[in-house]
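Colleague: structure for the following, please:
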Amino acid sequence: MELYYCTNCTKYTMDQKCKICNKSTSIPRPPKYAPDDKYTKYRAEIKIDERRLKGLYQKT
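Modeller: Numbers count the residues shown, from 1 in each chain. Have a look, this model is predicted:
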């Protein structure tokens, strides 16, 4: 599932069309890089979990 952003009413939704204003939504830009990012560890864990579910992750 992806998170979408409605630029018209500035709301986030899981649908490709906003239920509030009935306009099409877009995928928001990724966050800017910061060397002191607190959440890097969590994003890496999520990616590893997704790869394990698909059978693509092999621990070396």
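Colleague: where do the strands sit along the protein?
Modeller: Under the criterion DSSP state E, the chain contains strands at 4-6, 11-13.
Colleague: just those: most buried one?
Modeller: Ranked by average neighbour count under the criterion mean count of other Cβ atoms under 10 Å, the strands of the chain are headed by strand 4-6 at a mean of 18. No exception for glycine: its C-beta is placed from N, CA and C like everyone else's.
Colleague: mind giving me the packing neighbours of that strand?
Modeller: With contacts taken as 3 or more Cβ pairs under 8 Å, 6 or more residues apart in numbering; DSSP states H and E, strand 4-6 sits against strand 11-13.
Colleague: ok, Thr7 to Lys19 distance?
Modeller: Distance of Thr7 to Lys19, given as Cβ to Cβ, to the nearest Å: 15 Å.
Colleague: adding mean pLDDT and distance to Thr40, write the strands of the chain out as JSON lines.
Modeller: Formatted as JSON lines, the strands of the chain follow (pLDDT from 0 to 100; distance: least, Cβ to Cβ, whole Å):
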{"stretch": "strand 4-6", "mean pLDDT": "90", "distance to Thr40": "23"}
{"stretch": "strand 11-13", "mean pLDDT": "89", "distance to Thr40": "22"}
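Colleague: and Ser24, which of those strands is closest to it?
Modeller: strand 4-6 (8.3 Å; Cβ to Cβ).
Colleague: relative to the whole chain's centre, how far out is the closest one?
Modeller: 11 Å (Cα atoms, centre = their mean, to the nearest Å).
Colleague: and for stretch 43-52?
Modeller: Worked out by Cα atoms, centre = their mean, stretch 43-52 lies 13 Å from the chain centre.
Colleague: list the buried residues of it.
Modeller: Within stretch 43-52, no residue is scored as buried using 16 or more other Cβ atoms under 10 Å.
Colleague: OK, contacts around the residue nearest to Tyr5 when sequence neighbours are not counted?
Modeller: In space, not counting the residues next to it along the chain, Tyr5 is nearest to Pro28; the distance is 4.3 Å by Cβ to Cβ, 6 or more residues apart in numbering. Pro28 is in contact with 3-5, 12, counting by Cβ atoms under 8 Å, 6 or more residues apart in numbering.
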